[in-house]
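1. heads up, no residue letters with this:
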């Protein structure tokens with residue numbers, strides 16, 4: 001299997017890079033599993049104090065890999081995909097190491113869930129973000145567990161339903177990202193330098209304080225939202241929405 005996520009140790013920093021530019025780093029099953037493997041490797045290395053999650057290509061993550069829908073039972077795929085996303089987001093939240101996302105490109109749909117799960121997010125000023133799920137007949141169900149505690153209520157109310165693109169400055173203002181900058185590499189280096197001065201215990205305990213409420217919400221609501229997400233994905237509207245997306249045409253919605 002080709003490497004879709006690369007791992008590099010840089011002092012006390014483990015650098016994980018999403019490296020599947022041919023499909024805009026979409027969340028295929030293989031990419032998600034390799035990301036888990038990278039997080040496991042970083043967590044097992046006693047010398048690592050921070051994970052920096054970056055990307056190749058002009059897109060950080062385009063969300064679910066819709067091309068994998070071909071040839072599979074839709075209901076089975078929908079449940080598997082929802083559980084994959086839940087597991088990945090929880091994994092980032094529960095990792096003992098802080099995770100810093102370094103974004104110099106675009107983020108769409110489920111990719112925003114990864115952004116929300118990271119502890120710190122640095123994005124270049126040219127980066128754009130969009131929650132496009134409603135445009136294919138579904139909703140940001142699972143990732144809402146991550147995004148709603150981070151985004152302002154007004155921002156969520158707008159961008160969950162409009163699918164509009166918004167920039168890094170707006171993302172920082174609404175709380176989705178930490179810093180918008182013209183120099184992602186320098187800003188990441190400065191933050192990493194500060195973080196790696198922390199002790200393993202101190203970093204883990206401090207991170208746990210910031211993620212506890214979201215993890216509790218996962219315990220209560222993740223299964224319900226998984227089932228709701230799966231039901232949306234196998235609906236007639238979603239079938240048409242995904243097909244229209246893959247065929248690059250406007251959807252023909254059925255009332």
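-> All right, it came through fine. Please read all numbers here as calculations on a predicted model, not as lab measurements.

2. Report the rounded mean pLDDT for stretch 212-231.
-> The average pLDDT within stretch 212-231 is 92.

3. Distance from the chain centre to that stretch, please.
-> In terms of CA atoms, centre = their mean, to the nearest Å, the centre of stretch 212-231 is set 16 Å apart from its chain centre.

4. for stretch 157-173, same thing?
-> 15 Å.

5. buried residues in that stretch?
-> By neighbour count with 16 or more other CB atoms under 10 Å, stretch 157-173 contains the buried residues 159, 160, 166, 167, 168, 170, 171, 172. In short, each C-beta sits where N, CA and C put it, glycine included.

6. Now do the same contact list for the fourth one.
-> Right, residue 167. Neighbouring residues of residue 167 by CB atoms under 8 Å, 6 or more residues apart in numbering: 125, 127, 128, 129, 180.

7. Show me where this protein has its helices.
-> 29-44, 74-94, 111-117, 144-150, 153-162, 168-174, 184-195, 200-233, 236-247 (DSSP state H).

8. buried stuff in the worst-scoring helix or strand of the chain on mean pLDDT?
-> One helix or strand of the chain scores below all others by mean pLDDT, DSSP states H and E: helix 74-94, with a mean of 85. For helix 74-94, a neighbour-count test (16+ other CB under 10 Å) marks 77-79, 81-86, 88-93 as buried.

9. Share the number of residues neighbouring the closest residue to residue 161 other than its chain neighbours, please.
-> Closest residue in space to residue 161, ignoring its immediate chain neighbours: residue 134 at 5.8 Å, by CB to CB, 6 or more residues apart in numbering. Neighbourhood size, residue 134 [other CB atoms under 10 Å]: 14.

10. picking up where we left off before, mean neighbour count, the helices of the chain: which tops it?
-> Of the helices of the chain, the one with the most neighbours on average (mean count of other CB atoms under 10 Å) is helix 111-117, at a mean of 26.

11. Residue 133 contacts residue 109, doesn't it?
-> Yes. Under the criterion of CB atoms under 8 Å, residue 133 makes contact with residue 109 at 5.6 Å.

12. okay, those two: which has more neighbours?
-> residue 133 (27 against 24).
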